[in-house]
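Enquirer: Sequence and predicted structure, then a few things I'm wondering about:
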Amino acid sequence: MLTVLKDPIARPRPKAEDIKIDVSKLGKVYETKKNRFEALKDVSFYVQNGEFVTFLGPSGCGKSTVLRILAGLEEPSDGSVVVSGKEVTGPSVERGMVFQSYTLFPWLTVRENIEFGLKLKKMSKKERAEITDRYLKIVGLERFADSYGKELSGGMKQRVAIARSLANNPDVLLMDEPFGALDAQTKQSMQHLLLDIWKKEKTTIVFITHDIDEALFLSQRIYVMDARPGRIAEEINADLNLYKDNELVNVDKFMKVKKHIVSMLQH
Amino acid sequence: MEPPTKKKRPNKLFKIREEIPKGWYLLGIAFAFLSVFLIWSTLSWLNVVNEIFLPTPFTVVVAFFESIASAEFWGHIGISVYRVFMGFLLACLIGIPLGILAGTFKFAESAVLPLTEFIRYMPAAAFIPLIMVWAGIGESAKIMVIFIGCFFQLVLMVADDTLRINRDLLSASYTLGAKRIQVIFKVIVPALLPKLMSTMRLIMGWAWTYLIVAELVAANSGLGYTIMKAQRFLDTELIFVGILVIGLLGLTIDRCFAIASKKLFPWAEGGNH
Ligand SMILES: Nc1ncnc2c1ncn2[C@@H]1O[C@H](COP(=O)(O)OP(=O)(O)OP(=O)(O)O)[C@@H](O)[C@H]1O
Ligand SMILES: [Mg+2]
């Protein structure tokens, strides 16, 4: 088997100054009245500047927990989380997040949603409008600028959520199964959109999914996780020139890697 | 080309949760009202029930118009509305912030909810004698009965509404740079508003119930008092008028709430009727 793996297994760890996110020996324990649940154990990984990394794993293996800790929404029980050279102690505008559930503020229009973070920054009206217009255009929602969330489809809502995060100009974009609830076609167009944005904006992206194809299509590197306790099972290099102009061109390699990941997840 | 054959669609009227034409809906309403009216008419006009107990619709209508033609009756309506609104407002002013706090901070929850849960099960009407000892039988006594009746329910319901706000909505606002205080005023409060409106609407109904309780026991003015007085003189039709007027007032206020919430929260999902 190892001959197959030579290629997909990741490269050696890069230089310190290229590392955006550095997590080491992360642990998370949920204590309830009756028992103690080890959601994460000894999770270590890194993400490079401008890299697109996905986390892949079965339901309940702690993917969301990792992301919420990265966002600063939850405290780790153990280990350290360093982003841009600073220890994470709480949420910050530097780490934008897109959630699996739709989190548009329903009382605000699409435009106002995108402006939300900019307003908190006390940015001038003119500047706000400029940025908002730019992102409305990027996600293709100019015509819906003044609509409320209830008038939008699921895909459109996630586009607003992405635009809202990006408008804040974060260093890192954390995405928790953002396309999980979308139909296949919408999902695909959202993936293309996201890749376009990533290439243009050069934001570092950490993306969670349990869809192997999605992980292979989007990311440069994949961390495969396993459950009980949640941990990283393997790191996989996905920067294999499998795609050209969003079309799969290297089917053999794709199948090899995919098979390998499937076996990892099943074992 | 052959004309498409018209297939008869299955009957839509009895589909689960399916919309029906407006006309049919109005028909349903008319049918319900008419049935009640018919049963009432037959029972009273055919003298199945003695007129002392059940006046005819005609007598009630006459009594109704006589009542609303008198300034005294409007005085009673005025004072009742005043009491309801004072008690209700007071409950809202204190209860809503407390409910929001209890739904936001665990510490506030521990201080507010268990106690409220406990008091809620004490019937407000049972407090009337106590209130009379404390506050006499003046206006403040009646307002207090309504306040007690509404307040504890309101706190619990608002706390629950607040707790139901999607946690990811709060998380999202944190990652967009909101500080704690901004999360409360820019996310929790606006997210809560439509729910709050329907909770207030419900509590308003309770306020009317407690008003009548208060006025039946100790008052010399107000709609509850007119009902009491009518009972004393066996003016059954006036009891009917009193109940009818309270019902109409309640309905009017309820419609106002519904319209206001449609106008104020056009973005809210789902039923606002
Ligand atoms: N607040 C909490 N209290 C107790 N246990 C929790 C809490 N949050 C998460 N868990 C547990 O931790 C484990 C990991 O949860 P997490 O949401 O990170 O999984 P996931 O990998 O994102 O799963 P999914 O793919 O279904 O979203 C689960 O078993 C869950 O039950
Ligand atoms: Mg998850």
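Expert: Structure's in. What do you need? In this text the structure is predicted, and so the values were computed from the model without any measurement. Numbering: from 1, shown residues only, chains lettered A, B, ... in the order given. Ligands and ions are numbered 1, 2, ... in the order given.
Enquirer: Next, the buried residues of stretch B:33-49.
Expert: B:40, B:44 (16 or more other Cβ atoms under 10 Å in any protein chain shown). Using the backbone N, CA and C atoms, a C-beta is placed for each residue, glycine as well.
Enquirer: Can I get it in CSV? Just the C-alpha atoms.
Expert: Only the C-alpha atoms of stretch B:33-49 are listed here, as CSV (Å, rounded to 0.1, in the frame of the first residue of the first chain):
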residue,chain,number,x,y,z
PHE,B,33,-70.7,32.3,13.8
LEU,B,34,-74.1,31.5,12.2
SER,B,35,-74.3,28.2,14.0
VAL,B,36,-73.7,29.7,17.4
PHE,B,37,-76.3,32.4,16.6
LEU,B,38,-78.8,29.9,15.4
ILE,B,39,-78.5,27.6,18.4
TRP,B,40,-78.8,30.6,20.7
SER,B,41,-81.8,31.9,18.8
THR,B,42,-83.7,28.6,18.9
LEU,B,43,-83.0,28.1,22.6
SER,B,44,-84.2,31.5,23.6
TRP,B,45,-87.0,32.2,21.2
LEU,B,46,-88.6,28.9,21.6
ASN,B,47,-88.3,29.4,25.3
VAL,B,48,-86.3,26.2,25.8
VAL,B,49,-84.3,28.1,28.3
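Enquirer: what mean pLDDT does it have?
Expert: Mean per-residue pLDDT for stretch B:33-49: 90.
Enquirer: Name the residues that touch it?
Expert: B:51, B:54-57 (Cβ atoms under 8 Å, 6 or more residues apart in numbering or on different chains).
Enquirer: same question, stretch A:57-67
Expert: Residues contacting stretch A:57-67 (Cβ under 8 Å, 6+ apart): A:23, A:26, A:28, A:39-40, A:43, A:55, A:74, A:97, A:100, A:174, A:176-177, A:206, A:208, A:210, A:224-230, A:233, A:265.
Enquirer: In helices only, show me those.
Expert: Of the contacts of stretch A:57-67, the ones assigned to helices by DSSP state H are residue A:265.
Enquirer: So which of the contacts of stretch A:57-67 reach chain B?
Expert: A:97, A:174 (Cβ under 8 Å from any Cβ of the partner chain).
Enquirer: Only the buried subset of the contacts of stretch A:57-67, as a PyMOL command please.
Expert: Command for PyMOL that selects the buried part of these, burial taken from 16+ other Cβ under 10 Å:
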select buried, chain A and resi 23+26+28+39+40+43+55+74+97+100+174+176+177+206+208+210+224+225+226+229+230+233+265
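Enquirer: if we look at stretch B:92-112, which residues are touching it?
Expert: B:113, B:150-151, B:154-163, B:165, B:184, B:188-189, B:192, B:196, B:200, B:203.
Enquirer: could you flag which of those residues are buried?
Expert: B:113, B:150-151, B:154-159, B:161-162, B:165, B:184, B:188-189, B:192, B:196, B:200, B:203.
Enquirer: wait, what's in contact with the residue lying closest to residue A:43 once chain neighbours are set aside?
Expert: The shortest distance from residue A:43 to any non-neighbouring residue, by Cβ to Cβ, 6 or more residues apart in numbering or on different chains, is to residue A:26 (4.2 Å). By Cβ under 8 Å, 6+ apart, residue A:26 lies in contact with A:40, A:42-44, A:66, A:69, A:76, A:78-81.
Enquirer: try 7 Å
Expert: A:40, A:43-44, A:69, A:76, A:78-79, A:81 (Cβ atoms under 7 Å, 6 or more residues apart in numbering or on different chains).
Enquirer: List just the nearest of these to ligand 1.
Expert: residue A:40 (7.8 Å; Cβ to the nearest ligand atom).
Enquirer: close enough to count as contact, that closest one and residue A:28?
Expert: Yes. At 4.1 Å, residue A:40 and residue A:28 qualify as touching, with contact defined as Cβ atoms under 7 Å.
Enquirer: Based on its surroundings, how many neighbours for the residue of the stretch 1-150 of chain B found nearest ligand 1?
Expert: Nearest residue of the stretch 1-150 of chain B to ligand 1: residue B:106, at 13.7 Å (Cβ to the nearest ligand atom). Residues lying near residue B:106 (other Cβ atoms under 10 Å in any protein chain shown) number 8.
Enquirer: same thing with the one 5 residues further on?
Expert: Taking other Cβ under 10 Å as the criterion, the count of residues near residue B:111 is 14.
Enquirer: Any buried residues in the helix or strand containing it, and which?
Expert: Using DSSP states H and E, residue B:111 falls within helix B:106-120. Neighbour counts over helix B:106-120 (16+ other Cβ under 10 Å) mark B:108-109, B:112-113, B:116 as buried.
Enquirer: Cool, thanks, talk later.
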